[in-house]
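[1] need a structure here:
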Amino acid sequence: MIGLLSIIVLGFFLGMRHATDPDHVVAISTIVSRHRSMKHAAVIGGLWGIGHTITILLVGSGIILFGWVIPARVGLSMEFSVGLMLIVLGVLNLTGVLHWIVDNVSPGHLTGEAATRSHAHGVSGSDHIYSHVHDHEFPGEDSNHSSLGWFYREFGRLGLYNALRPLVVGLVHGLAGSAAVALLVLATIHNPKWAVAYLLLFGVGTVVGMTVITAVMGAPFAYAERRSRLSHRLRVASGVISLAFGLFIVYQIGFINGLFTDHAHWTPR
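    Alright, predicted model coming up:
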């Protein structure tokens, strides 16, 4: 029992290390590069980790509990999707499309953390108009008295588009890595319930690890935001790296591993 508990706890730390995989860091950097706040960057990392964990749990549990067997071409296609996603993120960053989307789809992101609104009030028979500064939080959420208030507040400020983007990227990454994680667990833990528990803690570790990583990554981008030329260079660099890494993965999976040939071979990793 102690040995199983140790292995499952180890899964948490392996999940944190898993968050540092190059394709994860490259993809999330293209998203973080558009944000000015370390807090927003941390929330983005957490959302990526949640998406990643959802896929790992769903696919991994299917393999562990129901004995799903993933054909080579399906497995290669899942990994190929990561390469395509990196290419798309890189192109969007380089062409400025991401900036346009943030401007037009998530205007709250650019208007700052608070908005000033005017209100009319009657005082002693006369009307007075003055301004309030309103913090945009979820209704009824007191950020000072709730442990989740900070996350909810920052999530709301990001806007729906900016929240969904890292979540979807995390889902795709989880799809590509779920088979390898599940097969590794099966080789070590033969009790299905403990194996699923391992997957869950692995996912939690990934969420924590990516939250820390993106918060750290957000620091130079937040600093560069005050220097437009440096900010632009960092965004271009993240786009170029994402595009190049994506093209490498597409070539590797499509031709070296044989997705587009008659001899597909796939080793989950």
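[2] can you map out the strands along the protein?
    114-123, 126-135 (DSSP state E).
[3] how about stretch 73-80: buried residues?
    Going by neighbour count (16 or more other C-beta atoms under 10 Å), the buried part of stretch 73-80 is 75-80. Just so you know, the C-beta spots here come from the backbone N, C-alpha and C atoms, and that holds for glycine as well.
[4] out of these, which is nearest to residue 174?
    Sorting the buried residues of stretch 73-80 by distance to residue 174 puts residue 78 at the head of the list, at 9.6 Å, by C-beta to C-beta.
[5] looking at it, that closest one is touching residue 176, isn't it?
    Yes - counting by C-beta atoms under 8 Å, residue 78 touches residue 176, with 4.9 Å between them.
[6] that older thread, so which of the buried residues of stretch 73-80 belong to helices?
    Residues of the buried residues of stretch 73-80 located in helices (DSSP state H): 75-80.
[7] dump the residue contacts of residue 184.
    Residue 184 makes no contacts at all, as judged by C-beta atoms under 8 Å, 6 or more residues apart in numbering.
[8] swap the cut-off to 10 Å and go again
    By C-beta atoms under 10 Å, 6 or more residues apart in numbering, the contact list for residue 184 reads 11, 14, 60, 195, 198, 202, 268-269.
[9] domains in this structure, as residue ranges please.
    2-106+159-256, 110-156 (automatic domain parsing).
[10] could you dump the ones you listed to TSV with distance to residue 264 and mean pLDDT?
    Below are those laid out as TSV (distance: least, C-beta to C-beta, whole Å; pLDDT from 0 to 100):
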stretch	distance to residue 264	mean pLDDT
domain 2-106+159-256	5	88
domain 110-156	40	46
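[11] want to throw those domains into JSON lines with distance to residue 263?
    What follows is the domains of the chain, written out as JSON lines (distance: least, C-beta to C-beta, whole Å):
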{"stretch": "domain 2-106+159-256", "distance to residue 263": "10"}
{"stretch": "domain 110-156", "distance to residue 263": "46"}
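[12] which one of the buried residues of stretch 73-80 is nearest to residue 26?
    Taking C-beta to C-beta as the measure, residue 26 lies nearest residue 79 of those, at 14.7 Å.
[13] so who does the closest residue to the closest one other than its chain neighbours touch?
    Among residues not flanking residue 79 along the chain, residue 176 sits closest, at 4.6 Å (C-beta to C-beta, 6 or more residues apart in numbering). Neighbouring residues of residue 176 by C-beta under 10 Å, 6+ apart: 23, 52, 55, 59, 75-83, 85, 249, 253, 268-269.
[14] change it to 6 Å
    78-79, 82 (C-beta atoms under 6 Å, 6 or more residues apart in numbering).
[15] count the residues that sit near the closest residue to residue 94 other than its chain neighbours.
    Spatial nearest neighbour of residue 94, excluding adjacent residues (C-beta to C-beta, 6+ apart): residue 239 at 3.9 Å. Other residues near residue 239 number 22, with proximity taken as other C-beta atoms under 10 Å.
[16] please apply the same query to residue 235.
    Residue 235: 21 surrounding residues under other C-beta under 10 Å.
[17] from what I can see it touches residue 33, true?
    Yes - between residue 235 and residue 33 there is a contact at 4.6 Å, judged by C-beta atoms under 6 Å.
[18] hmm, who's touching stretch 28-47?
    By C-beta under 6 Å, 6+ apart, the surrounding residues in contact with stretch 28-47 are 48, 89, 93, 98, 102, 154-155, 163, 165-167, 207, 210-211, 214-215, 217-219, 221-222, 225, 234-235, 238, 242.
[19] ok so, going back, winner for burial among the domains of the chain?
    Across those, averaging neighbours per residue (mean count of other C-beta atoms under 10 Å) puts domain 2-106+159-256 on top, at a mean of 19.
[20] the helices in the stretch 51-200 of the chain, which residues?
    72-95, 97-105, 107-110, 149-158, 160-188, 192-224 (DSSP state H, counting those that start in this stretch).
[21] good, wrapping up.
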